[in-house]
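S.K.: got a predicted structure plus its sequence, pasted below:
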Amino acid sequence: MPDQSWVCVLPPALAIVLAIATRQVFLSLATGVWIGCVILASWNPLRGLAGAIEQAVAVLGDAGNARVVLFTLVIGALIATVEASGGVRGFVKRLDHGRWAATPRRASLLVFLLGVIVFVESNITVLVGGAVGRPLFDRFKLSRERLAYLLDSTSAPICMLIPLNAWGALVITLLERNGVSDPVGTLVASLPLNFYCLAAVGLAGLTAVFALSLGPMRRAEARTQSGQLLSTGAQPMIDPEVLSPPHATRIPPRARNMLVPMLTMVIAMPLFLYVTGNGDIRRGSGSTSVLWSVLLALAVAWVLLLAQRAFTVDELVRLGLKGAGGLVGMALILILALALSEVARKLGTGPYVARVTAGVFPAWIFLPLIFVTSATVAFCTGTSWGTFGLMIPIAVPAAVAMGLPVAPFAAAAMAGGVFGDHASPISDTTILSSMAAATDHIDHVRTQLPYALLAATAATVAFGVTGALL
């Protein structure tokens, strides 16, 4: 490894700048990996290119990394299977027949609670909440902007606060790759310190219960109450394939086709952590547990649908492959993020940052600085996963080098990443929330931003106070 100097900061710094300037996350991460390998190859660009390719290949050579990448693809297969089975439609029908939402407040609260309960994957959260809430909100003259906000606020933030999903698997892997001996325990310790997620979910809950309307949201609510469903000139982001995915027509829609596989995955996750940890859930393998859990959930979904004669085996295979293909982009981000993390570790980026900033900044500034930097990157790129891959390899080693606990630093990096997924107009979750609510995308971004900025301000202050207490 070359002597530590400012050049060891160049790969992640360049990746961050490129991501903000171009919004091309794949290109930015790949460039960061290449530059890091060029430095490691004594500034030989061709050897650096060869090293970058081998570094990306080496990511899959590690069993833990390969399991997380495979999990990402299998969760795509599970999502496609559940959607096509009519499980979501059956769940919505069951709620409607049960009259769970007989008042405007209960309709808002139902969407919020669904977002909290359906934490397996952010896209599933948005799709289920949108399918349930859209007709209810129209019936009670509640704005679709409020629906989109509730969907968005209970997708990424909840997936991070209840990380029995791909989000948790990714973070555990990144923590492990950056020298954290107890990645599961560190992730658990970071959850109550993830102040942005806590604030975002809290504001969403207040909005659901007390109809809290800030700025543009108040005008959207007044417009809807007057009988105007959408703003003047609005273009609802309706994607028929998203709002009404193909479903089995050979059987009636049944809620159990969604609930049974999802509950299987949620229950299996801690059980497999217990098994892989030899009786100690904190020592369990996160990557192994999430992969086993989602494979079991997919197998249960297949058995259900085969027993109901909804699909043939050939149709289920084709459906699974199609769903896995939809998450190839996520898997590629994961591979590049892990490769960049390894390059930064070899260069000693985190310890160098800690050494040069020691004595320059007061201790309390580090956590807010990490949060704001992560939030800026995520907002400009629209990806939380890419931001995790950029910031965790900087934040965690820096904490270790300064002799400070890792959990608050990891929480600050993750909180900033989730802010971007929640608030950015180019985030896939933000776009999908606009689609699921059938509202204008810009209207959704504009009405949601005051809530997101309020939560981000509260998180910044909270991280400052936490840093002062370390």
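M.R.: Okay, I see it. Computed from a predicted model, the values in this text were never measured in an experiment.

S.K.: need the three-state assignment for the residue nearest to residue 81 when sequence neighbours are not counted.
M.R.: Excluding its sequence neighbours, the residue lying closest to residue 81 (CB to CB, 6 or more residues apart in numbering) is residue 301, at 5.0 Å. In short, each C-beta sits where N, CA and C put it, glycine included. Of the three states, residue 301 takes helix under DSSP: H, G, I helix; E, B strand; the rest coil.

S.K.: now the most centrally placed residue in the chain. Nearest residue, chain neighbours left out?
M.R.: In the chain, the C-alpha nearest the mean C-alpha coordinate belongs to residue 156, at 4.5 Å (CA atoms, centre = their mean). In this structure, residue 156 finds its nearest non-sequential neighbour in residue 421, 4.0 Å apart by CB to CB, 6+ apart.

S.K.: show me what contacts that neighbour?
M.R.: The neighbours of residue 421, taking CB atoms under 8 Å, 6 or more residues apart in numbering as the test, are 122, 155, 156, 378, 382, 383, 384, 427, 429, 430.

S.K.: is it true that the fourth one touches residue 415?
M.R.: So the one you mean is residue 378. No. At 9.7 Å, residue 378 and residue 415 do not qualify as touching, with contact defined as CB atoms under 8 Å.

S.K.: dump the residue contacts of the residue nearest to the centre of the chain.
M.R.: Residue 156 sits next to 122, 167, 384, 418, 421, 422, 429 when contact means CB under 8 Å, 6+ apart.

S.K.: do the same with residue 208
M.R.: By CB under 8 Å, 6+ apart, the neighbours of residue 208 are 105, 108, 109, 111, 112, 150.

S.K.: ok, back up a step: separation between the residue nearest to the centre of the chain and residue 197?
M.R.: Residue 156 sits 8 Å away from residue 197, going by CB to CB, to the nearest Å.

S.K.: returning to what we had before: wait, is the residue nearest to residue 156 part of a helix?
M.R.: Yes. The assignment for residue 421 (three-state DSSP) places it in a helix.

S.K.: need the pLDDT of it.
M.R.: Per-residue confidence for residue 421 comes out at a pLDDT of 79.

S.K.: so how far is residue 387 from it?
M.R.: Residue 421 is 8 Å from residue 387, where distance means CB to CB.

S.K.: what's the answer for residue 302, then?
M.R.: To residue 387, residue 302 is 35 Å away according to CB to CB.

S.K.: where along the stretch 251-400 of the chain do the strands fall?
M.R.: With DSSP state E, counting those that start in this stretch, there are no strands along the stretch 251-400 of the chain.

S.K.: for residue 54, the count of nearby residues, please.
M.R.: Per other CB atoms under 10 Å, the neighbour tally for residue 54 reads 12.

S.K.: host element of it?
M.R.: Using DSSP states H and E, residue 54 sits within helix 45-61.

S.K.: C-terminal to that helix, what's the next element?
M.R.: Following helix 45-61 in sequence order, the next helix or strand is helix 63-84 (DSSP H and E).

S.K.: residue 44 touches residue 34, doesn't it?
M.R.: No. Using CB under 8 Å, residue 44 is not in contact with residue 34, being 11.8 Å away.

S.K.: compare those two (neighbour count), which wins?
M.R.: More crowded of residue 44 and residue 34, by other CB under 10 Å: residue 34, with 24 against 14.

S.K.: the more buried one against residue 50, yeah?
M.R.: No. Using CB under 8 Å as the test, residue 34 is too far from residue 50 to be in contact (10.1 Å).
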